[in-house]
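K.L.:
model this:
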Amino acid sequence: MARLKYIKGIKDTSLLRLGISEGEETVAYTVTQTVYSALGRPAVDSELDTYAMDEIHLADETRRAEKKALSLLAFSDNSERALVRKLCERGFRRSVAEEIGREMVGLGYVREDDQIRRLALSLANTSQRGPMKIIPYLVGKGYSSGDVKRVLTELQHDGEIDFDLVKERILRKHGVDPENIEDVRRLLYKYGFKV
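P.N.:
Numbers count the residues shown, from 1 in each chain. Next up is the predicted model:
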């Protein structure tokens, strides 16, 4: 049975550090005041049952996953799906990772449409890629194909991407004669265009 060895407040937060002994070793877990209260505010040296330990483990894991998610998002843009995958790869339970992914979207830290827009503009206008290259690339990054296609359509409608102009640039860059249909087709296909 687990025993509560110490309770420490964490300065300037509503978090508590609980030292819990499970056998020879004492492990520190971080929980909110709310979780601690929901457990009946156990006193130091009291025994904790399986239910209490499960709640403490979940609260601690959720907090650690949240910190890791914020760290990942500070480093680079992530889709919700990519963020969940990265959290799972780092050892967090899928249910916890999915909850944190939804939370990050809800807080506005993951704004997939903005991310798709930036990446698509760069791929089309800078890297001169067509839809057949852009869509699989962004889907591979964790964005839904429906969202990618919708944003691409919006970008074309708003005039931010002009695939005809991109094709012309590619043909000029490679010096391909527009009359040579087979060479045009082959080159544009390589860049992600269906001709």
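
K.L.:
Contacts for the helix or strand in which Q156 is found, please.
P.N.:
When elements are defined using DSSP states H and E, Q156 is found to belong to helix 145-157. Taking contacts as CB atoms under 8 Å, 6 or more residues apart in numbering, the residues outside helix 145-157 that touch it are 112-113, 116-117, 120-121, 124, 131, 134-135, 138-139, 161-163. In this view, the C-beta of every residue, glycine as well, is placed from N, C-alpha and C.

K.L.:
And stretch 64-78, by the same measure?
P.N.:
With contacts defined as CB under 8 Å, 6+ apart, stretch 64-78 is touched by 30, 83, 86-87, 90, 92, 96-97, 100-101, 103-104, 109-110, 115, 118, 142.

K.L.:
Quick check: ChimeraX command selecting the buried ones in those residues.
P.N.:
The command below creates a ChimeraX selection of those among the contacts of stretch 64-78 that count as buried (16 or more other CB atoms under 10 Å):
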select :30,83,86,87,92,96,97,100,101,104,110,115,142
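
K.L.:
Just give me how far the helix holding Q156 sits from the chain centre.
P.N.:
Relative to the chain's own centre, helix 145-157 is displaced by 20 Å; criterion: CA atoms, centre = their mean, to the nearest Å.

K.L.:
How about exporting the next helix or strand after that helix as CSV, limited to the C-alpha atoms?
P.N.:
Using DSSP H and E, the next helix or strand after helix 145-157 towards the C-terminus is helix 163-174. Once side chains and other backbone atoms are set aside, the C-alpha atoms of helix 163-174 remain, and they are given as CSV (Å, rounded to 0.1, in the frame of the first residue of the first chain):
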residue,chain,number,x,y,z
PHE,A,163,-0.9,27.3,-60.0
ASP,A,164,-0.9,28.4,-63.7
LEU,A,165,1.8,31.0,-62.8
VAL,A,166,3.7,28.4,-60.9
LYS,A,167,3.7,26.1,-63.9
GLU,A,168,5.0,28.9,-66.1
ARG,A,169,7.8,29.6,-63.7
ILE,A,170,8.8,25.9,-63.7
LEU,A,171,8.8,25.7,-67.5
ARG,A,172,10.9,28.9,-67.8
LYS,A,173,13.3,27.8,-65.1
HIS,A,174,14.0,24.5,-67.0
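
K.L.:
On the C-terminal side of helix 163-174, identify the next helix or strand.
P.N.:
Using DSSP H and E, the helix or strand that follows helix 163-174 in sequence is helix 181-190.

K.L.:
biggest separation within the contacts of helix 145-157, which pair?
P.N.:
E112 and D162 (23.7 Å; CB to CB).

K.L.:
List the buried residues for the lengthiest helix in the chain?
P.N.:
Ranked by residue count under DSSP state H, the longest helix found in the chain is helix 50-75. Going by neighbour count (16+ other CB under 10 Å), the buried part of helix 50-75 is 52-53, 55-56, 58-66, 68-69, 72.
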